[in-house]
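Trainee: Predicted model and sequence below, questions to follow.
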Amino acid sequence: MPFAIIVHGGAGDIPNAQRAEHAAGIDQAVRAGYERLAAGALAIDAVQTSVMLLEDLPGFNAGRGSCLTSAGTIEMDAGLMDGRNLRVGAVAGISNVAHPIAVARLVMDKSHHILFAAAGAQAFAQAQ
């Protein structure tokens, strides 16, 4: 069965000086997700792989590249949905994790909740 993967690098104005770096990161994320799909992984696993790669790259406003809040802290959001069964997992306002998408996946897979935010997201991540 043929498949495709689409990755977007977020919203906002990307300065011309950073466009090549962004394009390279998106290409890496597409390739990583595509390789998972080609190996027979589920789409949800390929999505998580692609997003985790972007979270590791400082040029993206996710994970390592997160923008600071007005208080100078980092608060990240992430969410995903499994199209096979419409299950959802999300976190909001989470800090001190490398991959918020992985925590969102745990919310979907390991809890009966859909969203954990702030201190609740931190507590859930630490418990996992």
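Mentor: Noted; the coordinates are in hand.

Trainee: CA only for contacts and neighbour counts going forward, please
Mentor: Noted.

Trainee: could you give me the average pLDDT of the longest helix anywhere in the chain?
Mentor: Ranked by residue count, the top helix of the chain under DSSP state H comes out as helix 19-38. Mean pLDDT, helix 19-38: 96.

Trainee: Give me the buried positions along that helix.
Mentor: With burial defined by 16 or more other C-alpha atoms under 10 Å, the residues of helix 19-38 counted as buried are 22, 25-34, 36-37.

Trainee: and if you look at stretch 58-69?
Mentor: Neighbour counts over stretch 58-69 (16+ other C-alpha under 10 Å) mark 59-64, 66 as buried.

Trainee: do stretch 88-101 as well
Mentor: Buried residues in stretch 88-101, counting neighbours by 16+ other C-alpha under 10 Å, are found at 88-95, 97, 99-101.

Trainee: Which one of those is nearest to Ala46?
Mentor: Ile101 (12.1 Å; C-alpha to C-alpha).

Trainee: ok, the closest one touching Met52?
Mentor: Yes. Here Ile101 reaches Met52: they are 6.7 Å apart, a contact under C-alpha atoms under 8 Å.

Trainee: Once you drop chain neighbours, what's closest to Val47?
Mentor: Gly33 (6.2 Å; C-alpha to C-alpha, 6 or more residues apart in numbering).

Trainee: so what's the one you found up against?
Mentor: Going by C-alpha atoms under 8 Å, 6 or more residues apart in numbering, Gly33 touches 5, 46-47, 49-50.
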